[in-house]
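S.K.: Give me a 3D structure for the following:
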Amino acid sequence: MTDDAPQPDRVTGALHPRDTPRLIGQGAAEAAFLDAFNAGKLHHAWLLSGPRGVGKATLAWRLARFLLATPDPEDGGMFAAEPATSLSIPEDHPVARRIASGGEGAVKSVTRSINPDTKKMRKQIVVDDVRALNGFFQMSAADGGRRVVIIDDADEMNPNAANALLKMLEEPPERAVLLLISHQPSSLLPTIRSRCRTLRLGTLSPDEMAQALGASEIEVSGDAAALAELSGGSVGGAMRLSLMGGLQIYAELIALMSSLPQMDRARALKLAEAAAQRGAEEKLTLLFTLVELLLARLARTGATGSPPATEAAQGEAAVLARLSPTPYQGRIWADVAAEISARARHGLAVNLDPAALVLDTLLKMAQAAPR
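M.R.: As a prediction, the model looks like this:
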């Protein structure tokens, strides 16, 4: 894939996971891998699971550098190296330099590819993408070194690609390690999951989020705690929210909700028109994502009797408490969330007028507010 081609495994504007120098908040997963490596129990396939955007791809590339640069723990007999204590490899190490330049022949990344007929990014990883690994294994086996494959992400494989990968897992090439990234492991074939050892990555705390955002090359705007709250502890999600003005959109939604049950129609129309502008498809999708999140927080407030401890926008707690004061009202908001989500998916799929779709959504929310 050329440098200017779309990269499905990268947040636009951020460093590629291959080039991200630090992984924050995933010490437990790193320690589990190091323990297996130092014990000489390195599995041939690892499933890196967890929510989207918490560092799974960054960990995969850290593992690739480590595996290609670190001798096996049993090598050297009485002169064997000390057990590895970190996955970090010096930036000037030959392996690190080759991976950074894209010239390391012992590592292969499998992502969605460009369809040669349409010249557009495929929506799935297809069987040819996986079968190409056979040539990679044959070409890279001559020196007897280790080979690493990163599949980002395994959830996007179509059935034929999944079956082709399963055959490789059943008869793994010698000295090959496959790293499968998955946001939803339950969507994978059970036979694929059973042949992998799982490393589970968790969400980041607000402090870890602040560190991760500070270490990125993106100029992040907004409160780290609010970004962590809205993104569910996903640094990738927080980056997207920051880049696309997600905090401002959510704050506007809270301002609109503060006027319920009499919605400020002029303000609602302004928000709908902004989401309907040409080229604003990603922002339209983000708006509906934030609407669903807001409704979920309303439902949770009613069910638990109190709003979330961390506000994602100024004045949010008071708005949530007023609009969802009881478990009964919480159930109403949960029902509205299900209805709005279905209507939004249908509307986006059939290209309904975006402004009308947004305005209809906001009016549905106004109708559900307690009188």
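S.K.: Once you drop chain neighbours, what's closest to Leu284?
M.R.: Ala275 (4.7 Å; CB to CB, 6 or more residues apart in numbering). C-beta: built from backbone N, CA, C; applies to glycine.
S.K.: Report the contact partners of that neighbour.
M.R.: For Ala275, the contacting residues are 283-284, 287, 354-355, 358, by CB atoms under 8 Å, 6 or more residues apart in numbering.
S.K.: Please tell me which one of those counts the most neighbours.
M.R.: Leu287 (26 neighbours; other CB atoms under 10 Å).
S.K.: I'd guess that residue is in a helix, am I close?
M.R.: Yes - according to DSSP: H, G, I helix; E, B strand; the rest coil, the state of Leu287 is that of a helix.
S.K.: Report the separation between it and Val336.
M.R.: With the distance defined as CB to CB, to the nearest Å, Leu287 ends up 16 Å from Val336.
S.K.: Let me know the secondary structure of Ala57.
M.R.: helix.
S.K.: possible to save the contacts of Ala275 as TSV with secondary structure?
M.R.: Below are the contacts of Ala275 laid out as TSV (three-state DSSP):
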residue	secondary structure
Lys283	helix
Leu284	helix
Leu287	helix
Pro354	helix
Ala355	helix
Val358	helix
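S.K.: Of the residues you listed, which pair is most distant in space?
M.R.: Lys283 and Ala355 (12.6 Å; CB to CB).
S.K.: returning to what we had before: where's the residue nearest to Leu284 relative to Leu287, distance?
M.R.: 5 Å.
S.K.: Overlap of the contact sets of these two?
M.R.: The contact lists of Ala275 and Leu287 share Val358, where a contact means CB under 8 Å, 6+ apart.
S.K.: residues near Leu87, how many?
M.R.: Residues near Leu87, counting by other CB under 10 Å: 21.
S.K.: got a list of what it touches?
M.R.: Contacts of Leu87 (CB under 8 Å, 6+ apart): 30, 33-34, 62-63, 65-66.
S.K.: How about Arg371, nearest residue that isn't a chain neighbour?
M.R.: Using CB to CB, 6+ apart and skipping the chain neighbours, the partner closest in space to Arg371 is Pro261 (5.6 Å).
S.K.: and that neighbour, helix, strand or coil?
M.R.: Counting by three-state DSSP, the backbone at Pro261 sits in coil.
S.K.: Am I right that it is in contact with Leu363?
M.R.: No - here Pro261 does not reach Leu363: they are 11.2 Å apart, not a contact under CB atoms under 8 Å.
S.K.: Would you confirm that Pro90 contacts Arg97?
M.R.: No - the pair Pro90 / Arg97 is not scored as a contact, 9.7 Å apart, by CB under 8 Å.
S.K.: that older thread, got CSV for the contacts of Leu87, with neighbour count and distance to Pro83 too?
M.R.: Compiled in CSV, the contacts of Leu87 are given as follows (neighbours: other CB atoms under 10 Å; distance: CB to CB, whole Å):
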residue, neighbour count, distance to Pro83
Glu30, 19, 14
Phe33, 22, 13
Leu34, 16, 8
Arg62, 24, 17
Leu63, 22, 16
Arg65, 24, 18
Phe66, 21, 13
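S.K.: that's a helix at Lys270, yeah?
M.R.: Yes - per three-state DSSP, Lys270 lies within a helix segment.
S.K.: Against Ala355, how distant is it?
M.R.: Following CB to CB, the distance that separates Lys270 from Ala355 is 10 Å.
S.K.: And Ser216, by the same measure?
M.R.: Ser216 is 34 Å from Ala355, where distance means CB to CB.
S.K.: measure Arg371 to Leu323 for me?
M.R.: The gap separating Arg371 from Leu323 is 11 Å, by CB to CB.
S.K.: Mind listing the shared neighbours of these two?
M.R.: With CB under 8 Å, 6+ apart, Arg371 and Leu323 have no common neighbours.
S.K.: So the two - more neighbours on which side?
M.R.: Leu323 (22 against 4).
S.K.: so where is the stretch 51-200 of the chain shaky, pLDDT-wise?
M.R.: Along the stretch 51-200 of the chain, the model assigns pLDDT under 70 to residues 74-81, 140-144.
S.K.: How about the backbone phi and psi for the residue at minimal distance from the centre of the chain?
M.R.: For the chain, Arg52 is the residue whose C-alpha lies nearest the centre (CA atoms, centre = their mean; 2.2 Å). Torsion angles at Arg52 (phi, psi; degrees, to the nearest 10) stand at phi -60, psi 140.
S.K.: That one and Val235 touch, don't they?
M.R.: No - in this structure Arg52 lies outside contact range of Val235 using CB under 8 Å: 10.2 Å.
S.K.: got any residues that touch both of the two?
M.R.: With CB under 8 Å, 6+ apart, Arg52 and Val235 have no common neighbours.
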